[in-house]
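> sequence? don't have it. structure:
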């Protein structure tokens, strides 16, 4: 019984003749599944959003400090998700491709947020890119030299402190204490290195680099990527 019919039945007065039977109400079609809510870690080390059985699979090798990757996140990802991923036609996987130490710190913290937070934190990092990169870039040479003399763990923690990355991560379920643990996670650090090596073996030399159903694309902007996706899904 529809909600409207249920309310009418509840309001009916006893003892009155029943009205003529109306045509049965049509049942509302079930809501289409929103595949953009389905996110999982992949065996290749990335995070995939969308239908794992999608006929079209888009993979991005990207850096969180890359200005062109940030442009794609701003200009392309919303349309990619709304038009293709949400419907289940396309899955979108992001694999970190590290460019520098700041990138390592940001990537480890974003990955620390897990499947539930990775894409949201990555989007936030791209949107606020200058807010956390600029303070690190403006460090005086003396402080740069001091950071370079630290252990890897100490260096990553210091970069995260200077850039305010712990505060950003906390908004996505990674409190500072947990964030420090993630920056000290050797296995997670090694995973980033393995992902970069795997990308290089596939021919990746810069970011962003896209693969569509396993084939490397020679375009890295949404204006060039979307027609190829549209063709792959059949219009």
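Yep, it's here. Note that the structure is predicted; figures quoted are calculated from it, not measured. Numbers count the residues shown, from 1 in each chain.
> could you look up the SS state of the closest residue to residue 46 other than its chain neighbours?
Spatial nearest neighbour of residue 46, chain neighbours left out: residue 95 (3.7 Å); criterion: CB to CB, 6 or more residues apart in numbering. Where you see a C-beta, it was placed from the backbone N, CA and C, and this is true even at glycine. Classification of residue 95 by DSSP: H, G, I helix; E, B strand; the rest coil places it in strand.
> burial count for residue 95?
Close neighbours of residue 95, defined as other CB atoms under 10 Å, add up to 22.
> wait, isn't it in contact with residue 59?
Yes - assessed by CB atoms under 8 Å, residue 95 is found in contact with residue 59 at 6.4 Å.
> which residues in the chain form strands?
Applying DSSP state E to the chain gives strands spanning 39-41, 47-49, 56-62, 90-96, 209-212, 215-216.
> which residues of this structure score low on pLDDT?
Scanning the chain for pLDDT under 70 picks out the ranges 1-31, 235.
> make JSON lines out of the strands of the chain and add distance to residue 191.
Supplementary listing: those in JSON lines, determined by distance: least, CB to CB, whole Å:
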{"stretch": "strand 39-41", "distance to residue 191": "10"}
{"stretch": "strand 47-49", "distance to residue 191": "12"}
{"stretch": "strand 56-62", "distance to residue 191": "14"}
{"stretch": "strand 90-96", "distance to residue 191": "9"}
{"stretch": "strand 209-212", "distance to residue 191": "19"}
{"stretch": "strand 215-216", "distance to residue 191": "22"}
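> if anything else comes up later, I'll come back, but that's it for now.
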